[in-house]
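Visitor: Please work out how this folds:
(4 chains)
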There are 2 protein chains.
Amino acid sequence: MSTDFAPPGRPRGTAFLLSQVGAHAAARFAERVGELGVAPSDIGLLRMIALQPGRSQQSLAGELGVVPSRVVALVDGLERKGLVERRRSPRDRRNHELHLTEEGGRVMAEMRTVGAAHEDDICAALDEEQRNQLAALLEAIAAQQNLAPGVHPGYRQSSAPPR
Amino acid sequence: MSTDFAPPGRPRGTAFLLSQVGAHAAARFAERVGELGVAPSDIGLLRMIALQPGRSQQSLAGELGVVPSRVVALVDGLERKGLVERRRSPRDRRNHELHLTEEGGRVMAEMRTVGAAHEDDICAALDEEQRNQLAALLEAIAAQQNLAPGVHPGYRQSSAPPR
DNA sequence: TATTGTTATACTCTATAACTATA
DNA sequence: TATAGTTATAGAGTATAACAATA
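Guide: Sure thing, here's the model as predicted:
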C-alpha cells in the first residue's frame, strides 16, 4: 500500500517497484483463481495439504505464521467447497488430519494451467534470459530476507506494533 | 496471498516470487512508517498532495482508483493527525482544497530517510549493478502491465467479480 | 440536474480470548 | 494440566448507497 517516496527526477525506488509490481501480480492472480471459485489464500493451503496429506491444522498455522483459529476458517471454506476433508486422527482424537478430495486434486491440477498463464502474463515484457535473471535476483533477496520458500507473507500475522 | 503452484523440482515461479518479495517489502515498509505514526496508504496521499497542493478529493480518488468515500476516511485520518488541511475552495465551494501542514511537510521529509533505509534493507543482498538491473526489469514489467508510475495497486478498487 | 463531499451501513478479513474434547 | 480445534467477539479496512450543499 505504500506509494513512492523518491524525489522527482530520481529513479523510482527499487523497493517501491517491488511492492508495486508484486501487489499487481497478486491481484491478477486473485482474479484468475477467483474464476475457479477459490481465493489465493486457499491455494496455499491446498498446496501444503497436497504436499503432505494428513497434516494437522496446528502445523499449518505454525508454518504459515497465523493463529489456529484462522486455519479453522480457511479449512471451513475449503470443506464447504468440497476441496478438503477433515478426518479425526485415530491415534490422537484431538487432531484433524487434512486431505484433499478428488475435486480438490482437480482444482490443484487446473491451478498449474492457471499458474502458467499467469506467469506468462506477468512476465510478458521479458524474454527468457531476463526472466531467469529476475528470478535469480528475487531469490537472492528472498534468501537474504529469510523468506521461507513457497510461503507467502500475506498470511503472516502482522508483527508490527499497532498504530 | 498466493502460494507457489510450481511442481516441486522446478524453479519457483517468477510471478510468485514477485508477489512474495513484494508483499514482504510492503510489510517491512509498513513497520517502518508505522513508527512515524502513519500507514503506507497515508504516505501515498501525502505525497500526491505535496506534489500538487490544493488538489481535490475527487481527483485523488480518480488517480488512486478508489471510491470518493474512501478518500474521506483517509483524509479524516491525516487531518486528525494534523498532517493535512482541508480548505473550502473560494471558486467552487463544493470543493476541498487539500494542503500539507508544516507537520505534514516534516513527516514527508522524514519519509525520505525512512525510504532510503528501507531501500537498503530490502536490497541488501544485491550490489549496485544488480539493483539497477532489478529496477530495470521491474520497470519493464510495470510499463507493459500499464501500472501508473508511483501509484500502488493496493489502493485500487478490486475489479474482480465477487466470489 | 449534476457534482463534491459526507454519512450510514454492511461485508470481509483477521486477531484475541474463552471454551470443549481429548490426552 | 496441556494440547487441538472451535466459537464468540471485536476491530480494521473498504465498498455501496443515500444524502446535503453547491453549482
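Visitor: and the closest residue to chain B within chain A, how many residues sit next to it?
Guide: Using C-beta to the nearest C-beta, the closest approach of chain A to chain B is made by A:Gly22 at 1.4 Å. For glycine as for every other residue, the C-beta is placed from the backbone atoms N, C-alpha and C. By the criterion of other C-beta atoms under 10 Å in any protein chain shown, A:Gly22 has 26 neighbours.
Visitor: Helix, strand, or coil at it?
Guide: Three-state assignment for A:Gly22 (DSSP: H, G, I helix; E, B strand; the rest coil): helix.
Visitor: now it, nearest residue through space, not along the chain?
Guide: B:Gly22 (1.4 Å; C-beta to C-beta, 6 or more residues apart in numbering or on different chains).
Visitor: check contacts around that neighbour.
Guide: A:Leu18, A:Ser19, A:Gln20, A:Val21, A:Gly22, A:Ala23, A:Ala25, A:Ala26 (C-beta atoms under 8 Å, 6 or more residues apart in numbering or on different chains).
Visitor: any idea which of those residues is closest to B:Leu134?
Guide: A:Leu18 (7.9 Å; C-beta to C-beta).
Visitor: Return the distance of A:Gln20 relative to DNA strand C.
Guide: A:Gln20 sits 20 Å away from DNA strand C, going by C-beta to the nearest atom of the strand, to the nearest Å.
Visitor: dump the residue contacts of that residue.
Guide: A:Gln20 neighbours (C-beta under 8 Å, 6+ apart): A:Asp4, B:Gly22, B:Ala142, B:Leu147, B:Val151, B:His152, B:Pro153.
Visitor: how near is it to DNA strand D?
Guide: Remark: distance between A:Gln20 and DNA strand D (C-beta to the nearest atom of the strand) = 15 Å.
Visitor: repeat for A:Gly22
Guide: Note on A:Gly22: its distance to DNA strand D, by C-beta to the nearest atom of the strand, is 16 Å.
Visitor: Quick one, grab the pLDDT at that residue.
Guide: On the pLDDT scale, A:Gly22 is placed at 98.
Visitor: Tell me, how many residues neighbour A:Ser41?
Guide: Neighbourhood size, A:Ser41 [other C-beta under 10 Å]: 23.
Visitor: So which residues of chain A form helices?
Guide: With DSSP state H as the criterion, chain A has helices at A:14-34, A:40-51, A:57-64, A:68-80, A:102-122, A:128-144.
Visitor: and those, which is most packed in?
Guide: Among the helices of chain A, helix A:14-34 has the highest mean neighbour count (mean count of other C-beta atoms under 10 Å in any protein chain shown), at a mean of 24.
Visitor: Only alpha carbons, please: show that helix as CSV.
Guide: C-alpha atoms of helix A:14-34 as CSV (Å, rounded to 0.1, in the frame of the first residue of the first chain):
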residue,chain,number,x,y,z
THR,A,14,13.5,-0.4,-6.3
ALA,A,15,11.7,-1.4,-3.1
PHE,A,16,8.7,0.6,-4.2
LEU,A,17,8.7,-1.1,-7.6
LEU,A,18,8.9,-4.5,-5.9
SER,A,19,5.9,-3.7,-3.8
GLN,A,20,4.0,-2.2,-6.7
VAL,A,21,4.7,-4.9,-9.2
GLY,A,22,4.3,-7.6,-6.5
ALA,A,23,0.9,-6.3,-5.5
HIS,A,24,-0.2,-6.2,-9.1
ALA,A,25,0.9,-9.7,-9.7
ALA,A,26,-1.0,-10.9,-6.6
ALA,A,27,-4.2,-9.0,-7.7
ARG,A,28,-4.1,-10.5,-11.2
PHE,A,29,-3.5,-14.0,-9.7
ALA,A,30,-6.5,-13.5,-7.4
GLU,A,31,-8.6,-12.6,-10.4
ARG,A,32,-7.6,-15.7,-12.2
VAL,A,33,-8.0,-18.2,-9.4
GLY,A,34,-11.3,-16.4,-8.4
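Visitor: which sections of chain A are below the confidence cut-off?
Guide: For chain A, residues meeting the criterion pLDDT under 70 lie at A:1-12, A:158-163.
Visitor: still on that earlier bit, and the two most separated of the contacts of A:Gln20?
Guide: The distance between the two most remote of the contacts of A:Gln20 (C-beta to C-beta) is 14.7 Å, for B:Gly22 and B:Val151.
Visitor: At the contact with DNA strand C, which residues of chain A appear?
Guide: Taking C-beta under 7 Å from any atom of the strand as the measure of proximity, chain A contacts DNA strand C at A:39, A:41, A:66-67, A:69-70, A:73, A:92-94, A:154-158.
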